[in-house]
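Asker: Predicted structure and sequence below. I'll ask about it afterward.
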2 protein chains.
Amino acid sequence: MVGIDEVARHAGVSTATVSRALSGNGPVSPATRLKVEASAGELGYVVSSTASSLASGRMKNIGVVVPFLDRWFFSSVVEGAQRALLRNGYDLTLYSLTGGKAERRSVFEHFLLRQRVDAVISISLELTEGEVARLHALEKPLVGVGGPIQGVRTLTVDDVAIAQHATEHLLALGHTRIAHLGGNKDLDLDFHLPTNRRVGYERALEAAGIAPDPALFMAADFTMRGGYQAAKQLLGSPHNRPTAVFAASDEMAIGTILAARDLGLVVPRDVSVVGVDDYDLADFFGLTTIAQFPQGQGESAVEILLDQLRPGQNQLTDLNTPMPFELLVRSSTARPGE
Amino acid sequence: MVGIDEVARHAGVSTATVSRALSGNGPVSPATRLKVEASAGELGYVVSSTASSLASGRMKNIGVVVPFLDRWFFSSVVEGAQRALLRNGYDLTLYSLTGGKAERRSVFEHFLLRQRVDAVISISLELTEGEVARLHALEKPLVGVGGPIQGVRTLTVDDVAIAQHATEHLLALGHTRIAHLGGNKDLDLDFHLPTNRRVGYERALEAAGIAPDPALFMAADFTMRGGYQAAKQLLGSPHNRPTAVFAASDEMAIGTILAARDLGLVVPRDVSVVGVDDYDLADFFGLTTIAQFPQGQGESAVEILLDQLRPGQNQLTDLNTPMPFELLVRSSTARPGE
DNA sequence: ATGAAAGCGCTAACAG
DNA sequence: CTGTTAGCGCTTTCAT
């Protein structure tokens, strides 16, 4: 392994100059910079990140914590974050908390504390006060994606608005019997996401002068199977059947489409379906949905973090940054009876 | 940040002893070990990984390189690896190569070389000789998952055997007109995986005395949509229609099931379908498949790597470790006409 | 089993 | 703009 002094000797300068030239911190004349870069290239020198970190206190490394990795949404956010970090010369250290309580504790009480990361991105995790306090004690920036956290900078989509938007789309098509497939309370990963989406749904109905009908609400678990089963019940009896369904996730929405088919119903003629996410398979199933952009969320989280890491600029803007969403009309929605 | 000397003072020992007690390297009497652990706990001491790494040369960190993250298979392998690493006190630094050539170069020529990782796991990547050489030059262990790499320890499933198994299942049910949905040559990420699976399929047919019929092979792109479109053609004309389809991925298999439905065919009465992977949604669609265990593959890769990192034991066993697979019979296969 | 002390390879004052 | 030098916080000989 060739070290900094070897480069210094080769370029005929001091190690300090090599450090400055290569890192861009501190003044170096263009000429020497070139000389140093040439020497470094020639010798194949790559800075030892451990030595550099120990001396400077900067790790060039961000910790990313997710509840699961094998779900499209999370892995997409991580992928976006990874790309943005790479561009900026940062590494991404991943912590997936699938293992439960013990694993989570070990991550927060040990792994994140060993001075390995400059900052932490927490995705769809409702951090406890203790966890936030620990991270704050390290003076490490922290940004949350996916929901508000007490005293933490976050990026979130407005779930109420999303649900309202989706429901309004159905209302605008002329639907009045609109069902909602939401979640049960124990999906606590997700900051009352089910509740927020239900609120948005009800708000849209009320604004249109329609009283939400409890019989048109069903709770499921956000999966395709859950959506399928719930939709079977919802659409099963011909009498009082809704003409449209707003599902709080694309997976449930696709489950609904499949259930409708199995019941001999034609989508969208007999029933319109809207989802949320623009999941992987939404396009294939022709699903109208509200797209979120998880990769973009990952990238934005990184931008904000890196901004915070740059010295000097502690612009105390709003704690929360709203993320964009967009209605994508495909073939699963139409005017009732069309 | 409380440091090692503070702990040493509190426990009334030297920093060397604290280091030994907490790391488990070197002899420490049980009594002092307990004392040190108590002090460390009380003071909330966590070792600084950078200082520790610089002094010891060990990073306690593994680099994992994947071509994509937002696909079920890859994120599952990563998740498995992550869990195994966490158990062993290791961090996982993720490099997802979605960005193309430039990104890949920057990862292999810069990121992986800065002494940040003790070893590298490469998932479903056919590494170039140059990339392997670079990694070897660092004297870092390297293990590949998903395909053979020249001179590198790898974990792979036997794709020929998998395909043969799947086809034999259909043969055993009495099918003789068995189609195969494979891949085109440009899925080069995956070590000739399409070819291998096709070979296994043909081998099984030939062993049963059936000549593979080129008209019963279709290439697609391993996605649900691709499978759907290919299956539409394959199953479209009633004359000479196959009674069974072996798809080289679960996503194509599910596409096939959906295509069959849309053609008015009943699965498995009119056509049996087998896939490969035991993907997320396979169970929901009742798909018979050959399960691979991606999380297990990730964990195994870690075990092997960690073993290699432990000094002394350079057991030069086989370069390749075969990974298990298993036929999962669900409701998408049956005797022809049943 | 324990302590003293010499680095690990780089960065950041400080001086010039 | 550049060089000198003192650490960064641990680990690890080498003594004891």
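Answerer: Cool, the structure landed. Computed from a predicted structure; not experimentally measured. Numbers count the residues shown, from 1 in each chain, chains lettered A, B, ... in the order given.
Asker: any low-confidence regions in the stretch 151-300 of chain A?
Answerer: Flagging of the stretch 151-300 of chain A using pLDDT under 70 yields the residue ranges A:186-191.
Asker: In the stretch 101-250 of chain A, what residue comes closest to DNA strand D?
Answerer: Closest to DNA strand D within the stretch 101-250 of chain A is A:Gln115: 7.5 Å, counting by CB to the nearest atom of the strand. All C-beta atoms are positioned from the backbone trio N, CA, C, and that covers glycine.
Asker: May I have the residues that are in contact with the closest residue to that residue other than its chain neighbours?
Answerer: Leaving aside its sequence neighbours, A:Gln115 sits nearest to B:Ser48 (CB to CB, 6 or more residues apart in numbering or on different chains; 4.5 Å). Counting by CB atoms under 8 Å, 6 or more residues apart in numbering or on different chains, B:Ser48 touches A:Leu54, A:Arg114, A:Gln115, B:Met1, B:Gly3.
Asker: For B:Ser48, give its distance to B:Gly3.
Answerer: To B:Gly3, B:Ser48 is 8 Å away according to CB to CB, to the nearest Å.
Asker: on that earlier part again, most neighbours out of the contacts of B:Ser48, which is it?
Answerer: Most neighbours among the contacts of B:Ser48, by other CB atoms under 10 Å in any protein chain shown: A:Gln115, with 21 neighbours.
Asker: Run a quick neighbour tally on the nearest residue in space to A:Glu6 that is not next to it in sequence.
Answerer: Distances taken as CB to CB, 6+ apart put A:Leu43 closest to A:Glu6, at 6.2 Å, once the chain neighbours are dropped. A count of neighbours around A:Leu43, defined by other CB under 10 Å, yields 15.
Asker: could you list every residue that touches A:Leu43?
Answerer: Applying CB under 8 Å, 6+ apart, the residues near A:Leu43 are A:Val2, A:Glu6, A:Val7, A:His10.
Asker: residues near the last one, how many?
Answerer: The tally of other residues near A:His10 (other CB under 10 Å) stands at 18.
Asker: name the element it belongs to?
Answerer: Using DSSP states H and E, A:His10 sits within helix A:4-11.
Asker: CA-only coordinates of that helix, as PDB, when you get a sec.
Answerer: Taking Å, rounded to 0.1, in the frame of the first residue of the first chain, the C-alpha atoms of helix A:4-11 are listed here in PDB:
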ATOM      1  CA  ILE A   4       1.100   9.800   1.500                       C
ATOM      2  CA  ASP A   5       4.800  10.300   2.200                       C
ATOM      3  CA  GLU A   6       5.800   8.300  -0.800                       C
ATOM      4  CA  VAL A   7       3.600  10.500  -3.000                       C
ATOM      5  CA  ALA A   8       5.100  13.600  -1.300                       C
ATOM      6  CA  ARG A   9       8.600  12.400  -2.000                       C
ATOM      7  CA  HIS A  10       7.800  11.600  -5.600                       C
ATOM      8  CA  ALA A  11       6.200  15.000  -6.100                       C
END
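Asker: How about it, which residues are buried there?
Answerer: By 16 or more other CB atoms under 10 Å in any protein chain shown, the buried positions in helix A:4-11 come out as A:Ile4, A:Glu6, A:Val7, A:Ala8, A:His10, A:Ala11.
Asker: Which is the succeeding secondary structure element to it?
Answerer: Sequence order places helix A:15-23 as the next helix or strand after helix A:4-11, per DSSP H and E.
Asker: pLDDT of that next one, averaged?
Answerer: If you average the pLDDT over helix A:15-23, you get 96.
Asker: And it, what does it pack against?
Answerer: Counting contacts by 3 or more CB pairs under 8 Å, 6 or more residues apart in numbering or on different chains; DSSP states H and E, helix A:15-23 is packed against helix A:4-11, helix A:30-43.
Asker: Take these and write them to JSON lines, including mean pLDDT.
Answerer: Putting those into JSON lines (pLDDT from 0 to 100) gives the following:
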{"stretch": "helix A:4-11", "mean pLDDT": "95"}
{"stretch": "helix A:30-43", "mean pLDDT": "95"}
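Asker: how about the ones you listed, which one is nearest A:Val329?
Answerer: For those, proximity to A:Val329 was assessed by CB to CB; helix A:30-43 is nearest, at 52.6 Å.
Asker: hmm, that closest one in reach of DNA strand D?
Answerer: Yes: shown here: helix A:30-43 in contact with DNA strand D (CB under 7 Å from any atom of the strand) through A:Ala31, A:Thr32, A:Arg33.
Asker: what angle separates that helix from helix A:4-11?
Answerer: With axes from the mean of the first three to the mean of the last three CA atoms, to 10 degrees defining the directions, helix A:30-43 sits at 120 degrees from helix A:4-11.
Asker: got the angle for helix A:30-43 vs helix A:15-23?
Answerer: Using the same axes, to 10 degrees: helix A:30-43 against helix A:15-23 is 90 degrees.
Asker: Okay, buried residues for helix A:30-43 please.
Answerer: Going by neighbour count (16+ other CB under 10 Å), the buried part of helix A:30-43 is A:Thr32, A:Arg33, A:Lys35, A:Val36, A:Glu37, A:Ser39, A:Ala40.
Asker: which residues sit in contact with the fourth one?
Answerer: Listed by CB under 8 Å, 6+ apart, the contact partners of A:Val36 are A:Val7, A:Ala11, A:Val13, A:Thr17, A:Val18, A:Ala21, A:Leu22, A:Val28.
Asker: Can you sort out which of these also neighbour DNA strand D?
Answerer: Intersecting the contacts of A:Val36 with the surroundings of DNA strand D, defined as CB under 7 Å from any atom of the strand, gives A:Val13, A:Thr17, A:Val28.
Asker: where exactly do the helices run in chain A?
Answerer: In chain A, the segments counted as helices under DSSP state H are A:4-11, A:15-23, A:30-43, A:49-56, A:72-87, A:101-109, A:129-137, A:159-172, A:193-207, A:224-236, A:250-262, A:294-309.
Asker: re the thing from before, helices or strands next to the helix holding A:His10 in the packing?
Answerer: So helix A:4-11, by 3+ CB pairs under 8 Å, 6+ apart, packs with helix A:15-23, helix A:30-43.
Asker: distance between stretch A:126-136 and the chain's centre?
Answerer: The offset between the C-alpha centroid of stretch A:126-136 and the centroid of the whole chain comes to 19 Å, using CA atoms, centre = their mean, to the nearest Å.
Asker: now do stretch A:146-157
Answerer: Put simply, stretch A:146-157 sits 11 Å off its chain's centre (CA atoms, centre = their mean).
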